[in-house]
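Engineer: I would like to see how this sequence folds:
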Amino acid sequence: MANNIETAQVKLTAKDFSSGQDVRWCPGCGDYSILAQLQRSFPEINVTKEKIVWISGIGCSSRFTYYMNTYGFHTIHGRAAAIATGVKISRPDLSVWVATGDGDLMSIGGNHFIHTCRKNIDIKILLFNNEIYGLTKGQYSPTSARGIVTKTSPYGSVDYPFNPLSLALGAGASFVARTADTEPKHMQEMIKRAAEHKGTAFLEILQNCVIFNDGVFDPVTDKANKADKMLMLKHGEPMLFGADNKKGIKLDGFKPVVIDLNDSSNSINDVWVHDEKDPSHARAFILAHLADDPALPTPFGVIRQELKPTYDEGVERQIAHITEKKGAGNLEKLLFSGNTWEVN
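Structural biologist: Residues are numbered from 1 along each chain as shown. Alright, predicted model coming up:
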């Protein structure tokens, strides 16, 4: 007899995603904000806790798996994206998330990262970017600015930093976005957008390290500067910023320039309208490099989103097709097929 008893849906809260373990980050670390926003966002992504997996590598950010009350795997340095790929392919029903830092992902993990993006694996990668190695006590990282003085660059770094957004776009990530630890509501929105996306979702989070790189993002995110330095992107809307939204970004060919809408010679119709689904990569790359010019603001929000088949879906379809065609197969027969030898 069929069971006609309806099971009530339990409404989860942020507390349901807290593991209860002592959080071992430095007081004031931006990671606390990221943890809080994820725990507040996850009750609304419509995925049960038992279907969520967090994968991390090594670094301050990678302790994240201990603090989320979901399944998780604290792995090895730089390999989080590769292990997350394996989890997703073997269990396509799971929602797979990666917590990683700029050293873990952009340095030793760089090769795994670009191929994850290229394949468009359906996983969510959150880069906690503080532009420094924190856990190993303050060496410059692949995203550190040129000239930074650290333990491994006592006279100033002469290295060129990666642009994480540009790298993700170039590698083929189908969802690329940016937020900051000082913008909780915006971060929650970006987390939900990443969760909804089917494919590799890359979210860069500008995150302050209070010990080894304190205030590195203040010129952009500080309350005194943010109106003129943070460009909040919205799909289908003109790129406006400034205290009264009277500044706009205009494209002069492929060169972005700031225009003043208080000047009667400029019009709102001159302002670049953001299209996150633009089929061309060109404008997304311009946005990714917008802040290379100190006269221009730093963009936040979804830089680009592309809907295309994922690698894991392709693997699923291929397995189903071959199984239907040839049967389920036999492991023992496979192992002893081809050239075999007996050693006496």
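Engineer: C-alpha from now on. contacts and neighbour counts both.
Structural biologist: OK.
Engineer: count the neighbours of the closest residue to Asp228 other than its chain neighbours for me.
Structural biologist: Distance criterion Cα to Cα, 6 or more residues apart in numbering; nearest residue to Asp228, sequence neighbours excluded, is Gly242 at 4.6 Å. A count of nearby residues for Gly242, using other Cα atoms under 10 Å, gives 17.
Engineer: kindly report the same for the one 3 residues further on.
Structural biologist: Here the number of neighbours of Asn245 (other Cα under 10 Å) works out to 13.
Engineer: tell me, what's the model's pLDDT at it?
Structural biologist: In this prediction, Asn245 carries a pLDDT score of 96.
Engineer: host element of it?
Structural biologist: Applying DSSP states H and E as the criterion places Asn245 outside every helix and strand.
Engineer: how about Leu307?
Structural biologist: Assigning secondary structure by DSSP H and E places Leu307 outside every helix and strand.
Engineer: that one and Glu196 touch, don't they?
Structural biologist: No: in this structure, Leu307 is not within contact of Glu196 by Cα atoms under 8 Å, at 11.5 Å.
Engineer: just to revisit the earlier point, what sits against the residue nearest to Asp228?
Structural biologist: Gly242 makes contacts with 227-229, as judged by Cα atoms under 8 Å, 6 or more residues apart in numbering.
Engineer: give me that answer again for 10 Å
Structural biologist: When contacts are counted by Cα atoms under 10 Å, 6 or more residues apart in numbering, Gly242 touches 225-231, 248, 260, 297.
Engineer: so which of these would you say is closest to Phe162?
Structural biologist: Pro297 (18.5 Å; Cα to Cα).
Engineer: circling back: from Ile125, how far out is the residue nearest to Asp228?
Structural biologist: Distance check for Gly242 against Ile125: by Cα to Cα, to the nearest Å, it reads 31 Å.
Engineer: ditto for Val273
Structural biologist: 27 Å.
Engineer: of the two, who's got more company?
Structural biologist: Between Val273 and Ile125, counted using other Cα under 10 Å, Ile125 has the larger neighbour count: 28 against 20.
Engineer: beta partners of the more buried one?
Structural biologist: Val98, Phe202 (DSSP bridges).
Engineer: my guess is it contacts His112. True?
Structural biologist: No: contact criterion Cα atoms under 10 Å: Ile125 and His112 do not qualify, at 11.9 Å.
Engineer: give the residues shared as contacts by the two.
Structural biologist: Applying Cα under 10 Å, 6+ apart, one finds that Ile125 and His112 are jointly contacted by 80-81, 105.
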